[in-house]
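Visitor: Take a look and give me a structure for this.
(one chain, ligands or ions: 1)
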Amino acid sequence: MNIPGSDLKRRVIAEADKIPGWTATHDLQILWELCEKYVKPGGSIVELGTWKGRSTYVLASYCKYIGAICYTIDTFSGCVEPDSYKNKPDNLGSYNEAVVNPNFIDIAKNNLNGLPVLFFKGDSAVIADSLQDNSFDLCFIDGDHNHPRVDSDIKNFLKKVKVGGCLSGHDLCNPEGDVFEALNSVIGSNYKDMIAYDDTGVPYAATTIWIHEVKK
Ligand SMILES: C[S@@+](CC[C@H](N)C(=O)[O-])C[C@H]1O[C@@H](n2cnc3c(N)ncnc32)[C@H](O)[C@@H]1O
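Guide: Below you'll find the predicted structure:
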């Protein structure tokens, strides 16, 4: 699939695609489009769940292009895994690489070199307290996908987004997580799941990204 839109958008997504991670290419496309719609020059984005910087690369590249800044939050040491992950041979789950490498953050720093990124290492619930309310144009939640942490991320970061901005997240219908239930319990049905469109306006992929526009 050719990514629709500008050369810059295509180049950024092609570069992000080289970084290993969990965000599908059509989801990267949606992230760029959310930036185009919501992020203003001088504005800011906050992301929960950096991993190696795949989704961050797209968000931060847009920030560089218009003169904004991207905050990204991660423990950089994994998190509690769903029970289904625990059957994996090493019993550490899919975040094993981050669990065993004390310098895991350096992988993301290296991948995001030259981009306007502020790294926050720690638990998103704790870091939320240090961030100003009503201050971000866009928030993308892709941290812990399980109860009760995904519920508190949605609650905590809803407050961080400006009126007119957008709260969004990943893995809406991923059976490994509780995102769908958390979203419904915190903001009801007041969200939209995103579809990727090609250059002619024809939908070509359902994505797992949800968005909620913040109103007064
Ligand atoms: C699915 S990965 C993020 C994938 C990334 N967005 C990408 O494009 O590849 C989820 C990340 O959330 C982080 N994480 C999980 N729980 C967290 C928490 N409570 N606070 C901060 N980060 C957390 C994990 O360490 C992991 O790196």
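Visitor: only C-alpha atoms for contact and neighbour calcs from this point on.
Guide: Will do.
Visitor: Where do the strands of the chain begin and end?
Guide: Using DSSP state E, the strands of the chain run over 44-48, 69-74, 117-121, 136-141, 161-169, 192-197, 203-213.
Visitor: now the residue nearest the centre of the chain, which residues is it bridged with?
Guide: For the chain, the residue nearest the mean C-alpha position is residue 140 (3.8 Å; Cα atoms, centre = their mean). With DSSP bridges as the criterion, residue 140 is bridged to residue 47, residue 168.
Visitor: same question, residue 161
Guide: The partner list for residue 161 in beta bridges (DSSP bridges) reads residue 136.
Visitor: For the protein, list the residues in contact with the ligand, please.
Guide: 21-23, 49-51, 53-55, 73-79, 122-124, 142-144 (Cα under 6 Å from any ligand atom).
Visitor: Buried subset of those residues, written for ChimeraX?
Guide: If you want just the buried ones from the residues of the chain next to the ligand in ChimeraX, going by 16 or more other Cα atoms under 10 Å, the selection is:
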select :23,49,50,51,53,54,55,73,74,75,76,77,78,79,123,124,142,143,144
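Visitor: Can you say which of the strands of the chain is nearest to residue 27?
Guide: Residue 27 lies closest to strand 203-213 among these, at 5.9 Å (Cα to Cα).
Visitor: Show me what counts as buried in that closest one.
Guide: Going by neighbour count (16+ other Cα under 10 Å), the buried part of strand 203-213 is 207, 208, 209, 210, 211, 212, 213.
Visitor: That strand packs against which elements?
Guide: If contacts are counted by 3 or more Cα pairs under 8 Å, 6 or more residues apart in numbering; DSSP states H and E, strand 203-213 sits against helix 25-38, strand 161-169, strand 192-197.
Visitor: which residues touch that strand?
Guide: Applying Cα atoms under 8 Å, 6 or more residues apart in numbering, the set of residues contacting strand 203-213 from outside is 26-27, 30, 164-174, 190-198.
Visitor: picking that back up, what's the closest of the strands of the chain to residue 106?
Guide: Among those, strand 117-121 comes nearest to residue 106, with 10.6 Å by Cα to Cα.
Visitor: what about the closest one, average pLDDT?
Guide: Mean pLDDT, strand 117-121: 98.
Visitor: Then stretch 17-30?
Guide: Averaged across stretch 17-30, pLDDT comes to 94.
Visitor: Quick check: closest non-adjacent residue to residue 151.
Guide: With Cα to Cα, 6 or more residues apart in numbering as the criterion, residue 151 has its nearest non-adjacent residue at 4.9 Å, and that residue is residue 182.
Visitor: burial of that neighbour, as a residue count?
Guide: Look at residue 182: counted by other Cα atoms under 10 Å, it has 23 neighbours.
Visitor: Could you give the bridge partners of residue 73?
Guide: residue 48, residue 120.
Visitor: List the residues that contact it.
Guide: The neighbours of residue 73, taking Cα under 8 Å, 6+ apart as the test, are 46, 47, 48, 49, 50, 119, 120, 121, 122, 123, 124, 127.
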